[in-house]
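Novice: heads up, no residue letters with this:
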Ligand SMILES: [Zn+2]
(Lines give C-alpha, C1' and ligand atoms only; values in the text may rest on other atoms or scores of the structure.)
Protein backbone atom coordinates (compact mmCIF):
# COMPACT_ATOMS: atom_id res chain seq x y z
CA UNK A 1 0.00 0.00 0.00
CA UNK A 2 1.43 3.37 -1.00
CA UNK A 3 0.77 5.59 2.02
CA UNK A 4 0.77 8.76 -0.12
CA UNK A 5 -2.36 7.51 -1.83
CA UNK A 6 -4.27 7.86 1.41
CA UNK A 7 -2.38 10.41 3.51
CA UNK A 8 -3.05 13.90 2.22
CA UNK A 9 -0.86 16.98 2.61
CA UNK A 10 -3.75 19.38 3.24
CA UNK A 11 -7.39 19.37 4.32
CA UNK A 12 -8.45 20.33 0.79
CA UNK A 13 -6.62 17.41 -0.74
CA UNK A 14 -8.07 15.03 1.88
CA UNK A 15 -11.58 16.32 1.19
CA UNK A 16 -11.24 16.08 -2.58
CA UNK A 17 -9.95 12.50 -2.37
CA UNK A 18 -12.64 11.48 0.12
CA UNK A 19 -15.44 12.81 -2.10
CA UNK A 20 -13.99 11.23 -5.26
CA UNK A 21 -13.54 7.86 -3.57
CA UNK A 22 -17.00 7.94 -1.97
CA UNK A 23 -18.48 8.82 -5.36
CA UNK A 24 -16.77 5.77 -6.92
CA UNK A 25 -18.48 3.62 -4.26
CA UNK A 26 -21.90 5.04 -5.22
CA UNK A 27 -22.15 6.60 -1.78
CA UNK A 28 -24.93 9.05 -0.93
CA UNK A 29 -22.92 12.21 -0.23
CA UNK A 30 -23.91 15.36 1.67
CA UNK A 31 -21.97 18.58 2.31
CA UNK A 32 -22.30 20.94 5.26
CA UNK A 33 -20.42 24.22 4.88
CA UNK A 34 -19.27 26.08 7.98
CA UNK A 35 -21.16 29.38 8.02
CA UNK A 36 -18.27 31.62 9.08
CA UNK A 37 -14.93 29.85 9.52
CA UNK A 38 -12.40 29.78 6.67
CA UNK A 39 -9.25 27.81 6.01
CA UNK A 40 -5.86 29.01 4.75
CA UNK A 41 -6.21 31.34 1.72
CA UNK A 42 -9.80 31.99 2.77
CA UNK A 43 -10.98 28.60 1.53
CA UNK A 44 -14.46 27.40 2.57
CA UNK A 45 -14.70 24.56 5.07
CA UNK A 46 -17.02 21.56 4.98
CA UNK A 47 -18.09 18.61 7.06
CA UNK A 48 -18.97 15.93 4.47
CA UNK A 49 -20.85 12.68 4.92
CA UNK A 50 -20.97 9.57 2.74
CA UNK A 51 -23.42 6.69 3.18
CA UNK A 52 -22.20 3.42 1.67
CA UNK A 53 -24.45 0.37 1.43
CA UNK A 54 -28.17 -0.31 1.85
CA UNK A 55 -30.22 2.69 2.99
CA UNK A 56 -32.44 0.42 5.13
CA UNK A 57 -29.58 -1.41 6.88
CA UNK A 58 -30.47 -2.65 10.37
CA UNK A 59 -26.92 -2.02 11.54
CA UNK A 60 -24.76 0.97 10.60
CA UNK A 61 -21.14 1.71 11.34
CA UNK A 62 -20.50 5.45 11.75
CA UNK A 63 -16.87 6.56 11.53
CA UNK A 64 -15.73 10.13 12.14
CA UNK A 65 -12.47 11.87 11.32
CA UNK A 66 -11.15 15.24 12.46
CA UNK A 67 -13.16 15.75 15.66
CA UNK A 68 -9.86 17.11 16.92
CA UNK A 69 -9.01 18.87 13.67
CA UNK A 70 -5.36 18.08 13.00
CA UNK A 71 -5.85 14.52 14.21
CA UNK A 72 -8.07 14.08 11.14
CA UNK A 73 -5.26 13.27 8.71
CA UNK A 74 -5.05 9.74 10.14
CA UNK A 75 -8.81 9.21 10.39
CA UNK A 76 -9.28 10.53 6.86
CA UNK A 77 -6.54 8.23 5.54
CA UNK A 78 -8.23 5.25 7.25
CA UNK A 79 -11.60 6.21 5.75
CA UNK A 80 -10.05 6.57 2.32
CA UNK A 81 -8.19 3.26 2.65
CA UNK A 82 -11.45 1.46 3.50
CA UNK A 83 -13.24 3.00 0.53
CA UNK A 84 -10.46 1.92 -1.85
CA UNK A 85 -9.18 -1.35 -0.33
CA UNK A 86 -12.53 -2.74 0.88
CA UNK A 87 -15.49 -0.79 -0.45
CA UNK A 88 -19.22 -1.42 -0.70
CA UNK A 89 -18.83 -5.00 -2.00
CA UNK A 90 -17.09 -6.03 1.25
CA UNK A 91 -19.96 -4.98 3.57
CA UNK A 92 -21.69 -7.85 5.43
CA UNK A 93 -25.38 -8.26 4.50
CA UNK A 94 -27.67 -5.77 6.22
CA UNK A 95 -24.80 -3.51 7.30
CA UNK A 96 -24.10 0.01 6.00
CA UNK A 97 -21.33 2.50 6.65
CA UNK A 98 -21.77 6.21 7.29
CA UNK A 99 -18.52 8.14 7.07
CA UNK A 100 -18.28 11.62 8.55
CA UNK A 101 -15.29 13.49 7.14
CA UNK A 102 -13.76 16.48 8.97
CA UNK A 103 -16.05 16.90 11.97
CA UNK A 104 -13.98 20.02 12.77
CA UNK A 105 -12.84 21.23 9.34
CA UNK A 106 -11.30 24.43 10.73
CA UNK A 107 -8.89 22.54 12.97
CA UNK A 108 -8.21 20.03 10.20
CA UNK A 109 -7.37 22.78 7.69
CA UNK A 110 -5.16 24.80 10.05
CA UNK A 111 -3.49 21.89 11.83
CA UNK A 112 -5.04 22.64 15.25
CA UNK A 113 -7.17 20.52 17.59
CA UNK A 114 -9.90 23.01 18.51
CA UNK A 115 -12.60 24.69 16.45
CA UNK A 116 -12.39 28.29 15.20
CA UNK A 117 -13.75 29.24 18.65
CA UNK A 118 -11.06 27.21 20.43
CA UNK A 119 -13.70 24.69 21.47
CA UNK A 120 -12.68 21.11 22.15
CA UNK A 121 -15.53 19.26 20.41
CA UNK A 122 -15.07 16.27 22.63
CA UNK A 123 -16.00 18.39 25.68
CA UNK A 124 -18.91 20.27 24.08
CA UNK A 125 -21.75 17.73 24.47
CA UNK A 126 -23.38 19.12 27.58
CA UNK A 127 -26.84 20.48 28.28
CA UNK A 128 -25.88 24.17 28.41
CA UNK A 129 -29.20 25.13 30.02
CA UNK A 130 -27.75 23.57 33.16
CA UNK A 131 -24.67 24.65 35.12
CA UNK A 132 -21.44 23.37 33.54
CA UNK A 133 -19.15 21.12 35.59
CA UNK A 134 -16.67 23.02 37.72
CA UNK A 135 -12.92 22.62 37.44
CA UNK A 136 -11.38 24.76 40.16
CA UNK A 137 -7.94 23.14 39.96
CA UNK A 138 -7.78 24.11 36.28
CA UNK A 139 -8.42 27.72 37.27
CA UNK A 140 -5.35 27.64 39.52
CA UNK A 141 -3.00 26.38 36.82
CA UNK A 142 -4.54 28.31 33.89
CA UNK A 143 -2.35 31.48 34.14
CA UNK A 144 0.80 29.34 34.07
CA UNK A 145 -0.39 27.34 31.05
CA UNK A 146 -0.95 30.53 29.07
CA UNK A 147 2.23 32.63 28.97
CA UNK A 148 2.66 35.45 26.46
CA UNK A 149 5.91 33.79 25.37
CA UNK A 150 6.91 30.13 25.38
CA UNK A 151 10.48 30.17 26.64
CA UNK A 152 12.51 28.31 29.30
CA UNK A 153 11.57 30.75 32.07
CA UNK A 154 7.81 30.55 31.46
CA UNK A 155 7.89 26.75 31.06
CA UNK A 156 9.90 26.58 34.31
CA UNK A 157 7.30 28.68 36.11
CA UNK A 158 4.64 26.22 34.92
CA UNK A 159 6.79 23.30 36.15
CA UNK A 160 7.19 24.94 39.58
CA UNK A 161 3.51 25.71 39.98
CA UNK A 162 2.67 22.23 38.69
CA UNK A 163 5.01 20.66 41.28
CA UNK A 164 3.34 22.70 44.05
CA UNK A 165 -0.14 21.55 42.98
CA UNK A 166 1.02 17.95 42.55
CA UNK A 167 2.39 17.96 46.11
CA UNK A 168 -1.00 19.16 47.30
CA UNK A 169 -3.42 17.21 45.07
CA UNK A 170 -1.41 14.46 43.34
CA UNK A 171 -0.15 14.15 39.76
CA UNK A 172 -3.24 12.45 38.36
CA UNK A 173 -5.55 15.15 39.76
CA UNK A 174 -3.55 17.89 38.05
CA UNK A 175 -3.31 16.08 34.71
CA UNK A 176 -7.02 15.33 34.92
CA UNK A 177 -7.88 18.97 35.69
CA UNK A 178 -5.89 20.20 32.69
CA UNK A 179 -7.40 17.78 30.18
CA UNK A 180 -10.87 16.69 31.29
CA UNK A 181 -12.61 19.87 30.11
CA UNK A 182 -13.26 23.35 31.52
CA UNK A 183 -16.00 25.92 30.86
CA UNK A 184 -14.60 29.10 32.40
CA UNK A 185 -11.66 30.11 30.16
CA UNK A 186 -12.45 30.41 26.42
CA UNK A 187 -8.75 31.04 25.76
CA UNK A 188 -7.64 28.04 27.79
CA UNK A 189 -6.97 24.32 27.43
CA UNK A 190 -9.75 21.87 26.47
CA UNK A 191 -12.41 24.58 26.58
CA UNK A 192 -15.82 22.94 26.17
CA UNK A 193 -17.68 26.03 24.91
CA UNK A 194 -20.77 27.88 26.13
CA UNK A 195 -23.30 26.50 23.64
CA UNK A 196 -23.56 23.60 21.19
CA UNK A 197 -20.89 24.12 18.55
CA UNK A 198 -21.76 24.14 14.83
CA UNK A 199 -20.13 20.70 14.35
CA UNK A 200 -22.27 19.24 17.13
CA UNK A 201 -25.44 20.70 15.63
CA UNK A 202 -24.60 19.22 12.22
CA UNK A 203 -23.82 15.80 13.72
CA UNK A 204 -27.12 15.84 15.61
CA UNK A 205 -28.98 16.60 12.38
CA UNK A 206 -27.11 13.87 10.50
CA UNK A 207 -27.84 11.29 13.20
CA UNK A 208 -31.51 12.26 13.40
CA UNK A 209 -31.97 12.19 9.64
CA UNK A 210 -29.86 9.18 8.67
CA UNK A 211 -30.04 6.83 11.65
CA UNK A 212 -33.66 7.10 12.74
CA UNK A 213 -34.40 3.61 11.49
CA UNK A 214 -31.16 1.91 12.49
CA UNK A 215 -31.54 0.13 15.83
CA UNK A 216 -27.87 -0.87 15.95
CA UNK A 217 -25.19 1.72 15.48
CA UNK A 218 -21.46 1.09 15.72
CA UNK A 219 -19.28 4.15 16.27
CA UNK A 220 -15.61 4.84 15.72
CA UNK A 221 -14.25 8.35 16.25
CA UNK A 222 -10.66 8.27 14.97
CA UNK A 223 -8.11 10.23 17.04
CA UNK A 224 -4.32 10.48 17.40
CA UNK A 225 -1.98 11.60 20.15
CA UNK A 226 -0.26 9.41 22.74
CA UNK A 227 3.36 8.39 22.20
CA UNK A 228 3.77 5.43 19.86
CA UNK A 229 3.83 4.32 16.26
CA UNK A 230 0.30 3.80 15.01
CA UNK A 231 -0.79 1.19 17.58
CA UNK A 232 -4.51 1.33 18.43
CA UNK A 233 -6.00 2.34 21.77
CA UNK A 234 -9.66 1.41 22.09
CA UNK A 235 -11.53 3.82 24.36
CA UNK A 236 -15.05 2.71 25.23
CA UNK A 237 -17.30 5.22 27.00
CA UNK A 238 -20.25 2.92 27.70
CA UNK A 239 -20.66 2.18 31.37
CA UNK A 240 -18.21 -0.60 32.26
CA UNK A 241 -19.64 -4.11 31.87
CA UNK A 242 -22.91 -2.77 30.41
CA UNK A 243 -24.47 -4.66 27.49
CA UNK A 244 -22.93 -2.10 25.10
CA UNK A 245 -19.50 -2.42 26.70
CA UNK A 246 -19.60 -6.20 26.38
CA UNK A 247 -20.64 -5.91 22.75
CA UNK A 248 -17.65 -3.64 22.00
CA UNK A 249 -15.41 -6.13 23.75
CA UNK A 250 -16.75 -8.92 21.54
CA UNK A 251 -15.83 -6.87 18.48
CA UNK A 252 -12.43 -5.62 19.53
CA UNK A 253 -11.05 -8.52 21.54
CA UNK A 254 -11.16 -9.76 25.14
CA UNK A 255 -8.39 -7.47 26.43
CA UNK A 256 -8.88 -4.41 24.16
CA UNK A 257 -10.85 -2.51 26.82
CA UNK A 258 -8.89 -3.76 29.82
CA UNK A 259 -8.18 -0.59 31.85
CA UNK A 260 -4.61 -1.65 32.71
CA UNK A 261 -3.82 -2.23 29.04
CA UNK A 262 -5.46 1.03 27.99
CA UNK A 263 -3.47 2.98 30.62
CA UNK A 264 -0.24 1.34 29.49
CA UNK A 265 -0.86 2.25 25.84
CA UNK A 266 -2.03 5.74 26.83
CA UNK A 267 1.21 6.26 28.81
CA UNK A 268 -0.44 7.08 32.15
CA UNK A 269 -3.66 6.48 34.06
CA UNK A 270 -6.47 7.76 31.82
CA UNK A 271 -7.93 11.09 32.90
CA UNK A 272 -11.69 11.53 33.31
CA UNK A 273 -13.79 13.44 30.76
CA UNK A 274 -16.87 15.66 30.65
CA UNK A 275 -19.11 16.54 27.71
CA UNK A 276 -17.81 13.93 25.30
CA UNK A 277 -19.40 13.27 21.93
CA UNK A 278 -20.10 9.58 22.54
CA UNK A 279 -22.40 10.30 25.48
CA UNK A 280 -24.22 13.00 23.53
CA UNK A 281 -24.82 10.69 20.58
CA UNK A 282 -25.73 7.77 22.85
CA UNK A 283 -28.47 9.92 24.40
CA UNK A 284 -29.59 11.11 20.96
CA UNK A 285 -30.19 7.61 19.55
CA UNK A 286 -31.76 6.15 22.73
CA UNK A 287 -34.13 4.54 23.38
CA UNK A 288 -34.82 3.35 19.81
CA UNK A 289 -31.16 2.78 18.93
CA UNK A 290 -28.10 1.36 20.63
CA UNK A 291 -24.71 3.02 20.18
CA UNK A 292 -21.66 0.78 20.63
CA UNK A 293 -18.01 1.68 20.16
CA UNK A 294 -16.10 4.81 21.09
CA UNK A 295 -12.82 6.42 20.22
CA UNK A 296 -9.94 4.62 18.57
CA UNK A 297 -6.63 6.43 19.00
CA UNK A 298 -3.69 5.87 16.69
CA UNK A 299 -0.65 6.43 18.87
CA UNK A 300 1.32 9.11 17.03
CA UNK A 301 3.68 11.27 19.11
CA UNK A 302 7.37 10.67 19.59
CA UNK A 303 8.90 10.45 23.08
CA UNK A 304 10.07 13.83 24.43
CA UNK A 305 13.57 14.33 25.78
CA UNK A 306 12.20 15.83 29.01
CA UNK A 307 9.01 17.15 30.60
CA UNK A 308 9.77 20.72 29.46
CA UNK A 309 9.57 19.61 25.83
CA UNK A 310 6.36 17.70 26.54
CA UNK A 311 4.73 20.69 28.25
CA UNK A 312 5.81 23.02 25.47
CA UNK A 313 3.81 21.05 22.89
CA UNK A 314 0.62 21.45 24.87
CA UNK A 315 1.13 25.26 25.02
CA UNK A 316 1.62 25.85 21.29
CA UNK A 317 -1.96 25.85 20.01
CA UNK A 318 -3.31 28.49 22.37
CA UNK A 319 -0.19 30.59 21.90
CA UNK A 320 -0.78 30.62 18.12
CA UNK A 321 -4.45 31.53 18.62
CA UNK A 322 -4.25 34.08 21.43
CA UNK A 323 -0.70 35.38 21.78
CA UNK A 324 1.46 35.32 18.67
CA UNK A 325 -0.98 34.75 15.82
CA UNK A 326 -0.64 32.50 12.78
CA UNK A 327 1.81 34.90 11.07
CA UNK A 328 4.24 35.25 13.99
CA UNK A 329 7.90 34.48 13.22
CA UNK A 330 7.66 31.34 15.43
CA UNK A 331 4.36 30.19 13.88
CA UNK A 332 5.70 27.96 11.09
CA UNK A 333 7.93 26.11 13.56
CA UNK A 334 5.09 25.71 16.06
CA UNK A 335 2.68 24.41 13.41
CA UNK A 336 5.35 21.90 12.33
CA UNK A 337 5.76 20.69 15.93
CA UNK A 338 1.99 20.19 16.21
CA UNK A 339 1.90 18.30 12.92
CA UNK A 340 4.69 16.04 14.10
CA UNK A 341 2.65 15.30 17.22
CA UNK A 342 -0.76 14.58 15.65
CA UNK A 343 -0.13 13.78 11.99
CA UNK A 344 3.53 12.89 11.52
CA UNK A 345 5.03 12.16 8.13
CA UNK A 346 7.00 9.10 9.35
CA UNK A 347 6.49 6.37 6.78
CA UNK A 348 6.39 3.60 9.41
CA UNK A 349 3.65 5.46 11.30
CA UNK A 350 1.54 6.02 8.22
CA UNK A 351 1.84 2.37 7.17
CA UNK A 352 0.82 1.22 10.67
CA UNK A 353 -2.18 3.58 10.71
CA UNK A 354 -3.48 2.19 7.42
CA UNK A 355 -2.94 -1.43 8.38
CA UNK A 356 -4.35 -1.09 11.92
CA UNK A 357 -7.17 1.15 10.72
CA UNK A 358 -8.32 -1.45 8.18
CA UNK A 359 -8.10 -4.18 10.83
CA UNK A 360 -10.34 -2.13 13.13
CA UNK A 361 -12.83 -1.59 10.29
CA UNK A 362 -12.88 -5.34 9.59
CA UNK A 363 -13.35 -6.23 13.28
CA UNK A 364 -16.08 -3.68 13.79
CA UNK A 365 -18.06 -4.48 10.64
CA UNK A 366 -17.88 -8.21 11.36
CA UNK A 367 -18.98 -7.50 14.93
CA UNK A 368 -21.90 -5.39 13.75
CA UNK A 369 -23.06 -8.20 11.46
CA UNK A 370 -23.02 -10.62 14.43
CA UNK A 371 -24.42 -8.13 16.97
CA UNK A 372 -26.91 -9.74 19.30
CA UNK A 373 -26.29 -13.28 18.06
CA UNK A 374 -23.88 -14.10 20.89
CA UNK A 375 -26.24 -12.88 23.62
CA UNK A 376 -29.22 -14.60 21.96
CA UNK A 377 -27.30 -17.90 22.08
CA UNK A 378 -26.33 -17.48 25.77
ZN1 LIG B 1 -8.26 13.60 19.93
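Specialist: Here it is on my side, so go on. Because the structure is a prediction, the values reported are computed rather than measured. Residues are numbered from 1 along each chain as shown.

Novice: so residue 330 touches residue 324, yeah?
Specialist: Yes: when contacts are counted by C-beta atoms under 8 Å, residue 330 is listed as touching residue 324 (6.0 Å). All C-beta spots, glycine's among them, are computed from the backbone N, C-alpha and C.

Novice: can you list the residues of the chain near the ion?
Specialist: 68, 71, 223 (C-beta under 5 Å from the ion).

Novice: Give me the spatial nearest neighbour of the second one, chain neighbours excluded.
Specialist: Once flanking residues are discounted, residue 71 sits nearest to residue 224: 4.3 Å by C-beta to C-beta, 6 or more residues apart in numbering.

Novice: all strands in the stretch 201-350 of the chain, in order from the N-terminus.
Specialist: Secondary structure of the stretch 201-350 of the chain (DSSP state E, counting those that start in this stretch): strands at 216-224, 232-236, 290-298.

Novice: Actually, the stretch 51-200 of the chain.
Specialist: Using DSSP E, counting those that start in this stretch, the strands of the stretch 51-200 of the chain run over 59-64, 95-101.

Novice: Next, count neighbours for the residue lying closest to residue 175 once chain neighbours are set aside.
Specialist: The shortest distance from residue 175 to any non-neighbouring residue, by C-beta to C-beta, 6+ apart, is to residue 271 (5.7 Å). Residue 271: 17 surrounding residues under other C-beta atoms under 10 Å.

Novice: now residue 61
Specialist: Based on other C-beta under 10 Å, the number of other residues close to residue 61 is 27.

Novice: try residue 190
Specialist: 26.

Novice: so what's it closest to, chain neighbours aside?
Specialist: In space, residue 190 is closest to residue 120, 4.6 Å off (C-beta to C-beta, 6+ apart).

Novice: quick one: contacts for the one you found?
Specialist: 68, 113-114, 181, 190-193 (C-beta atoms under 8 Å, 6 or more residues apart in numbering).

Novice: Mind listing the strands the biggest strand by length in the chain pairs with, and their directions?
Specialist: Longest strand in the chain, counting residues (DSSP state E): strand 28-38. With DSSP bridges as the test, strand 28-38 is paired with strand 44-52 (antiparallel).

Novice: mind listing what's buried in the strand it pairs with?
Specialist: 45-52 (16 or more other C-beta atoms under 10 Å).

Novice: That one - what's its average pLDDT?
Specialist: Averaged across strand 44-52, pLDDT comes to 98.

Novice: Give me the residues contacting that strand.
Specialist: Contacts of strand 44-52 (C-beta under 8 Å, 6+ apart): 11, 15, 18-19, 22, 25-34, 37-39, 83, 87-88, 91, 96-103, 105-106, 109, 199, 202, 206, 210.

Novice: Equivalent analysis for stretch 265-276, please.
Specialist: Contacts for stretch 265-276 (C-beta under 8 Å, 6+ apart): 122-126, 133, 172, 175-176, 179-181, 192, 226-228, 231, 233, 235, 237, 259, 262-263, 297, 299.

Novice: and those, which are buried?
Specialist: Here, 16+ other C-beta under 10 Å leaves 122-126, 175-176, 179-181, 192, 226, 228, 233, 235, 237, 262, 297, 299 buried among the contacts of stretch 265-276.

Novice: just to revisit the earlier point, how about the strands of the stretch 51-200 of the chain in a markdown table, adding distance to residue 7 and mean pLDDT?
Specialist: Shown next, in a markdown table, are those (distance: least, C-beta to C-beta, whole Å; pLDDT from 0 to 100):
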| stretch | distance to residue 7 | mean pLDDT |
| --- | --- | --- |
| strand 59-64 | 17 | 97 |
| strand 95-101 | 14 | 98 |
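
Novice: Turn these into TSV, including distance to residue 186.
Specialist: Shown next, in TSV, are these (distance: least, C-beta to C-beta, whole Å):
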stretch	distance to residue 186
strand 59-64	24
strand 95-101	26
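
Novice: just for this structure, where's the confidence low?
Specialist: For the chain, the stretches flagged by pLDDT under 70 are 372-378.

Novice: list the contacts for the closest residue to the ion within the stretch 51-200 of the chain?
Specialist: The minimum distance from the stretch 51-200 of the chain to the ion, using C-beta to the ion, falls at residue 68 (3.5 Å). Each residue near residue 68 by C-beta under 8 Å, 6+ apart is listed here: 104, 107, 113-114, 120-122, 223-224, 342.

Novice: Distance of it relative to residue 277?
Specialist: 10 Å (C-beta to C-beta, to the nearest Å).
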